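*Asks:* the following comprises the amino acid sequence and a computationally predicted model.
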Amino acid sequence: MNTMNTHTNAMSASAASQTIAPVPMPWTQILYWSIRRELWENRSIYIAPLAIAALTVFGTLISAFHLPARMRTASSLDPMNAQELIAQPYNFIALLLMGTSFIVAIFYCLDALHGERRDRGILFWKSLPVSDLMTVLSKASIPVLAIPLLTFVVTLATQWIVLLLSSAVLGASGASVAPLWRLPWLHMSWMLLYHLVALHGIYFAPIYGWLLLVSAWARRATFLWASLPLLALAVVEKIAFNTSHFGHMLGAWLGGGADAVPFPAKRGMSMDVMSHPAPVNFLLTPGLWIGLAIFAAFMVAAVRLRRSQGPI
Amino acid sequence: MTVIEACGLRKAFGTTVALDGIDLRVEEGRILGLIGPNGAGKTTALNAVLGLAPYQGELKVLGRDPWRERDMLMRDVCFIADVAVLPRWIRVSQALEYVAGVHPRFDRAKAEGFLAKTTIQRTSKVRELSKGMVAQLHLALVMAIDARLLVLDEPTLGLDILYRKQFYDSLLNDYFDRSRTIVVTTHQVEEVEHILTDLMFIDRGRIVLACSMEEVEARYMEVTVNPEQVTAARSLGPLHERQMLGRNILLFDRVDRRQLASLGDVRTPSVADLFVAVIGNNASQAQGAAR
């Protein structure tokens, strides 16, 4: 396995390199590799949305023979309702992928700081010059940033594939493809991106923070530890004081987010309202700032736990 | 230059004292063997040194506080905490890329060079490798890091004899030089004793022996005593006595070599025999004190 020659080479190489102090890696580079590491480990982050996207495309192919009839129905409606009918499958795709990604994000968070302790890999990760803060931040950035952006890209690609397939079917049947292409595509895409980043990423951050904290703390059954205490709190409050402030609080928080960043295709929303996504409205939502403060507290606690926890 | 300096290092888990105020000093360029029975506090001490667990008392590793500055410290310190801690999902190529991405002192070409001497495929996942190959991969990663302190905690546990021998051979031939320091704990004492420069026995959270290998040679002697001289030999106050093939073997600390030579064959004891003598005495003393 070794020779005298490699021995002396290694000696001289290390002697030479020790004279030069190494430049520490910039934190952006460490963050980049930490995030790549997460994507290597958790392939479900992109496999799950891609699988759902593939299913949707498959479903579109089957339903394609309804399409000419559907377009004829649309042409008999007033423009507003017609647009809604034509846009329906595309909104459904967005909704489905959003739901998938949210579930993926939840399960990612529950495992993020638990899996490395379970498989003892934490002893390897901690042997590298990456701080606990960096580790926790890179793991939090997966549900807050990476998953929403990835969902956006996959949704957009799926919508375009379905659009092209539908156009081909309509073209073959001799119907006009114009109504499809007249949908406000650019606007719909912007709205989707805004919805994903603002609501699923930023507004929901405390949910991910809580799950990450539980995954850093619990020795087993992370899902139970994440859900049961909330339920127990509500039940105890109900029994002790016969009130349900905690439940209402959570409900109000969720409702506040949904109001500030409604789903792009929410019924009853006129196109005019949708064209002004009102980020100001979003920034003025108290739930956002309270939530972010709680998220920060969860992160601090998770970093401290990551520092003292070892393999389980 | 002092690499590790501890003073009154203490750690308790509830009422169990794992480290009972140990003092420790490891100089640059040494290979220290930390030997002790199960539950003696070896891993606790190493975890403190590596910043993996909090502790009481003073501890500086390369001038840093490990608990507060683990990430900074890991630029100059490397460790293999156990066999098979490489995450099972990672590919060999990904492990190389990741370490190259985050470690300023990692030399990827060197790691590739070490791996080229093994049968490990770049595309394999760790879960597809044998235990011995995982240890080879981990060692290749660690040896390619130009660290000043390498800590090995049972790095060859459960490996077959070929891998174990190869592991320590490459460590000594391809890695160690006078500017590096290695701390190793293992139960397979006989496999490391020829590479050690210093020896430390730890038992029940206390250091019971700490000296260089030269001192061990100068201080400790083992005599296979002729049967008629056993009583005379015993009067010199042996540390430990055992019988083998009907002959008595007595181990002495700081007794004149010429005096012993008249009693039988004198030689330096193996670390394993010294361990049994020192720790065995320590255990019986503790039992005596408890009674």
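*Replies:* Yep, that arrived. Numbers count the residues shown, from 1 in each chain, chains lettered A, B, ... in the order given.

*Asks:* can we go C-alpha only for contacts and neighbour counts from here?
*Replies:* OK.

*Asks:* how about stretch B:26-38, does it get close to chain A?
*Replies:* No - with Cα under 8 Å from any Cα of the partner chain as the criterion, chain A is not reached by stretch B:26-38; the gap is at least 13.0 Å.

*Asks:* can you name the residue of the stretch 51-200 of chain B nearest chain A?
*Replies:* Closest residue of the stretch 51-200 of chain B to chain A, Cα to the nearest Cα: B:Asp71 (4.3 Å).

*Asks:* next, that residue: secondary structure please.
*Replies:* helix (DSSP: H, G, I helix; E, B strand; the rest coil).

*Asks:* once you drop chain neighbours, what's closest to it?
*Replies:* Among residues not flanking B:Asp71 along the chain, A:Pro129 sits closest, at 4.3 Å (Cα to Cα, 6 or more residues apart in numbering or on different chains).

*Asks:* element containing that neighbour, please.
*Replies:* A:Pro129 belongs to no helix or strand when assigned by DSSP states H and E.

*Asks:* thinking it is in contact with B:Ala100, fair?
*Replies:* No - A:Pro129 lies out of contact with B:Ala100 (Cα atoms under 8 Å); the separation is 11.4 Å.

*Asks:* rounded mean pLDDT for the host helix or strand of A:Phe107, please.
*Replies:* Using DSSP H and E, A:Phe107 sits within helix A:79-112. Helix A:79-112 carries an average pLDDT of 91.

*Asks:* helices and strands around that helix, which ones?
*Replies:* helix A:44-63, helix A:67-76, helix A:132-141, helix A:147-173, helix A:178-181, helix A:205-217, helix A:222-241 (3 or more Cα pairs under 8 Å, 6 or more residues apart in numbering or on different chains; DSSP states H and E).

*Asks:* which one, of these, ends up nearest to B:Thr43?
*Replies:* helix A:132-141 (21.1 Å; Cα to Cα).

*Asks:* and that closest one, how far from the chain's centre?
*Replies:* Relative to its chain's centre, helix A:132-141 lies at 15 Å (Cα atoms, centre = their mean, to the nearest Å).

*Asks:* again with stretch A:200-215
*Replies:* So, by Cα atoms, centre = their mean, the centroid of stretch A:200-215 is 10 Å from its chain's centroid.

*Asks:* need phi/psi at B:Arg105.
*Replies:* phi -110, psi 10 (degrees, to the nearest 10).

*Asks:* didn't it look like it was pressed against B:Cys78?
*Replies:* No - judged on Cα under 8 Å, B:Arg105 makes no contact with B:Cys78 at a distance of 10.6 Å.

*Asks:* and for those two, which residues touch both?
*Replies:* Listed as contacting both B:Arg105 and B:Cys78 by Cα atoms under 8 Å, 6 or more residues apart in numbering or on different chains are B:145, B:147.

*Asks:* need the residues of chain B near chain A, please.
*Replies:* Neighbours of chain A within chain B, by Cα under 8 Å from any Cα: B:52-54, B:70-75, B:77-81, B:85-90, B:98-99, B:101-105, B:117-118, B:146, B:166, B:170, B:173-177.

*Asks:* what's the burial count for the residue in the stretch 1-150 of chain A that chain B sits nearest to?
*Replies:* The minimum distance from the stretch 1-150 of chain A to chain B, using Cα to the nearest Cα, falls at A:Pro129 (4.3 Å). Residues near A:Pro129, counting by other Cα atoms under 10 Å in any protein chain shown, number 24.
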